[in-house]
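> here is the input, now give the coordinates:
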Amino acid sequence: MCLQRDDAVEMLDAVGEMLTAILERNAITTDDLVSVLFTCTPDLHSGFPAAAARVHGFSDVPLMCAQEIDVVGALERCVRVMIHADIDRPREEIKHVYIRGAEVLRPDVKS
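Reported below is the predicted structural model:
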């Protein structure tokens, strides 16, 4: 997901939207979660996505934030999420989610 601006409120809203979309589209519950990893581009300074996730109720799962490599021409104000879930499902059934401008990263994936 990409943020319009480096803003704590937008970070909070976007993280909630992203996590909800991932869980809903993949029929995953918070009880299935093993861990969640967030990465942010270096131009985001207003808050931690993990802190936003805690506000949205992700309190019983380990969360981690990391910074993306600063690559010329990369998307700006981008947050990525990788969820590790304990589910019994073939990899090809997992639905990847790209929202808020990040769809350009994977034009082959329909969100």
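> list the residues that contact the residue nearest to the spatial centre of the chain.
With distances taken as CA atoms, centre = their mean, the chain has residue 81 as the residue nearest its mean C-alpha position (2.9 Å). By CB atoms under 8 Å, 6 or more residues apart in numbering, residue 81 lies in contact with 1, 15, 18-19, 22, 36-38, 49. (Each C-beta comes from the backbone N, C-alpha and C, glycine too.)
> the spatially closest residue to residue 28 that is not a sequence neighbour - how many residues pack around it?
The shortest distance from residue 28 to any residue that is not its chain neighbour, by CB to CB, 6 or more residues apart in numbering, is 5.1 Å, and that residue is residue 85. Under the neighbour criterion other CB atoms under 10 Å, residue 85 is assigned a count of 19.
> tell me the confidence at residue 85?
For residue 85, the model assigns a pLDDT of 93.
> tell me the mean pLDDT over the longest helix anywhere in the chain?
Counting residues, the longest helix in the chain under DSSP state H turns out to be helix 8-25. For helix 8-25, mean pLDDT is 94.
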